[in-house]
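1. can't give you the sequence, but here's the structure:
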């Protein structure tokens, strides 16, 4: 099973509407629960973010190498001078060449990352405008895959939930994240 994670912690200096609804603790707990529940039989792919990459690296430190190999980190070379130290802890760390400016480099990295495999599902946690950009790119390349905006984490994921999945009350109300992700992963497996 191939899973895509789009996650970030909103910054107060960019797009207040994301920051004002974000629940930083929920974002952390949701990412933690996804990593801890998915790696038994799935590969988890994500694009590096200064708040998310160190958290995932920390979670992987106590895991066996077979689980560490199931997490794939993508980064654009555009940000090479800003990489967090934890990038070096990932066994599968993909650096995508920069493509001019920041925005084009992000588009190129996301395209490369989302074309890297056939994804079964995507999870959207917290986030800012990148959540919307990654959702649109993901949906264009993987129209049959499931998309789960974890609305209880707020920010862009809450907005995405309102747009694409308002009937999925579990994505808004289930705060026991290990239970939520076990149920969502079971749903993905049933579709395979």
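-> Cool, got the structure. Small disclaimer: the values here were computed from a predicted structure and weren't measured.

2. Let me know the outermost residue of this protein.
-> In the chain, residue 100 marks the outermost C-alpha relative to the chain mean, sitting 24.4 Å out by CA atoms, centre = their mean.

3. State the number of residues packed around residue 45.
-> For residue 45, the tally of surrounding residues (other CB atoms under 10 Å) stands at 23. Yep, even glycine has a C-beta here, placed from its N, CA and C like the rest.

4. so it makes contact with residue 1?
-> No - using CB atoms under 8 Å, residue 45 makes no contact with residue 1, being 11.4 Å away.

5. just to revisit the earlier point, what's the pLDDT at the residue farthest from the centre of the chain?
-> Listed pLDDT for residue 100 reads 90.

6. got a pLDDT number for the closest residue to residue 63 other than its chain neighbours?
-> By the measure of CB to CB, 6 or more residues apart in numbering, the closest residue to residue 63 outside its immediate chain neighbours is residue 39, 7.2 Å from it. Residue 39 carries a pLDDT score of 97 in this model.

7. could you say what helices and strands the helix or strand harbouring residue 75 packs with?
-> Under the assignment given by DSSP states H and E, the secondary-structure element containing residue 75 is strand 71-76. Other elements packing on strand 71-76 under the criterion 3 or more CB pairs under 8 Å, 6 or more residues apart in numbering; DSSP states H and E are strand 43-47, helix 53-61, strand 92-96, helix 102-114.

8. Paired strands for the third one, with orientation please.
-> What it means is strand 92-96. Paired neighbours of strand 92-96 in the sheet (DSSP bridges): strand 71-76 (parallel).

9. got a list of contacts for the strand it pairs with?
-> By CB atoms under 8 Å, 6 or more residues apart in numbering, the residues outside strand 71-76 that reach it are 35, 39, 43-48, 53, 56, 60, 83, 87, 90-96, 98-99, 105-106, 108-109, 112-113, 116.
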